[in-house]
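>>> Take this sequence and fold it.
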Amino acid sequence: MGFILILLIVNLGLTKQVLADNLLGLPALIIPKDNLQTPEKIKLGQRLFNDKRLSADGSISCASCHHSDKAFTDGLKTAKGINGLTGTRNAPTVMNAAFYQRFFVDGRAKSLEAQALGPLTNPIEHGLKNSQAIIDIIKADANYRRDFKAVFKVDEITPLHIGKAIASFERTLIGGNSKFDQYYFGRDRSQLSKSAARGLRIFRRKGNCANCHEISWNNARFTDNRFYNIGVGSKQLKPFFAMMKQGQIEDSLTPLQRSELGRFRVTKIISDIGKFKTPTLRNIALTAPYMHDGSMKTLAEVIDYYDKGGDKNPWLDSAIFPLNFTKQEKQDLENFLGSLTSQVKK
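Okay, here's the model as predicted:
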């Protein structure tokens, strides 16, 4: 499958767990003190993650948009929810979400627990009316009642317990040990082709990619957990750039245009217009299409976009500028990105 699904069992009162050797290239995983991992909690979260009853029409589970064979994405341009409705955002991978500091592409959730609950009451995704609707579904199942009581030692189930269980499962969706990791951290120079090795140098130097998709001396998350305007989706907002003053814009925009405001919708800071979170690049070859709106079908298209310097707009980040890649450099960079697919250790 090209990635690793591993259960990290942490039940020792610790907040940090060193990952197994076969997850080369990843940092230690921080476990919240108020949501320590147990096998039972992880199993409960996995069941919730895959339960289609947690949707208004019984057709959508978390797994509907996060397929294990696609590195926990769905392969669609934008995610599909209840009644065939589609949103404005591409479903991001859940793999290695445990290493993020903010969640959703606009960073509106501060924890994996909060993120886990968000889609359940989104009218386009799972479509449940409110948190009580979630609780009612859980309480109607005797097995859920039994398992929640066993895991959380409570008689009254709350949305917080549900979020904690799903997040515990999502923290087990970890993928490292790619050919890049074996080459870079394992010092095995046979793991990358000459082209991919050149691509790594381009990634870190001429391409300026590592400015946001970070590689440190002992691990590589391939994200800096920050937000940038790289121009994607800015064309949707072009008619409104002249009138964009804080507090005067959202009511006049369509749902798609409001979506393209990005981080601004959370912070209300004008300079955050069009900013979106830096995604991890791990397993990027498995997660097409690309960008927050799913507008790019291939890695070659993504590389071409960065090469031209993005789409100009008043808030384009200064790190986005024409790169003047040669045809060979583009191919080398794409080959390097292909080396970021996690390998299962035999």
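>>> Just give me the neighbour total for residue 133.
15 (other CB atoms under 10 Å). Any C-beta I mention is one placed from the backbone N, CA and C, and that applies to glycine too.
>>> check which helix or strand covers it.
Residue 133 belongs to helix 131-139 when assigned by DSSP states H and E.
>>> Any buried residues in the helix or strand just after that helix, and which?
Following helix 131-139 in sequence order, the next helix or strand is helix 142-152 (DSSP H and E). For helix 142-152, the neighbour count (16 or more other CB atoms under 10 Å) marks 144, 147, 148, 151, 152 as buried.
>>> repeat for stretch 266-280
Buried residues in stretch 266-280, defined by neighbour count with 16+ other CB under 10 Å: 266, 267, 272, 273, 274, 275, 276, 277, 278, 279, 280.
>>> How about stretch 72-86?
Those would be 72, 73, 74, 77, 78, 79, 80, 81, 82, for stretch 72-86 by 16+ other CB under 10 Å.
>>> The fifth one and residue 88 touch, don't they?
Yes. Under the criterion of CB atoms under 8 Å, residue 78 lies in contact with residue 88, with a separation of 6.0 Å.
>>> Pull up the overlap in contacts between the two.
residue 293 (CB atoms under 8 Å, 6 or more residues apart in numbering).
>>> from the buried residues of helix 142-152, which is closest to residue 168?
Checking these against residue 168 with CB to CB, the nearest one is residue 151 at 9.1 Å.
>>> which residues does that closest one contact?
By CB under 8 Å, 6+ apart, the residues touching residue 151 are 38, 40, 41, 44, 161, 165.
>>> would you turn those into CSV with pLDDT and neighbour count?
Shown next, in CSV, are the contacts of residue 151 (pLDDT from 0 to 100; neighbours: other CB atoms under 10 Å):
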residue, pLDDT, neighbour count
38, 96, 15
40, 97, 15
41, 97, 24
44, 98, 25
161, 97, 20
165, 98, 30
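>>> Neighbours of residue 53, how many?
Counted with other CB under 10 Å, the neighbours of residue 53 add up to 14.
>>> Then the one 3 residues further on?
Counted by other CB under 10 Å, the residues lying close to residue 56 total 18.
>>> I figured it hits residue 125, correct?
No. The criterion here is CB under 8 Å, and residue 56 misses it with residue 125 at 9.7 Å.
>>> Check what pLDDT residue 142 gets.
Predicted confidence (pLDDT) for residue 142: 96.
>>> any idea how far it is from residue 326?
Shown here: residue 142 relative to residue 326, a distance of 64 Å by CB to CB, to the nearest Å.
>>> now swap in residue 48 and tell me
To residue 326, residue 48 is 49 Å away according to CB to CB.
>>> who's more crowded, these two?
Per other CB under 10 Å, whichever of residue 48 and residue 326 has more neighbours is residue 48, with 25 against 10.
>>> Just the pLDDT for the more buried one.
pLDDT recorded at residue 48 is 98.
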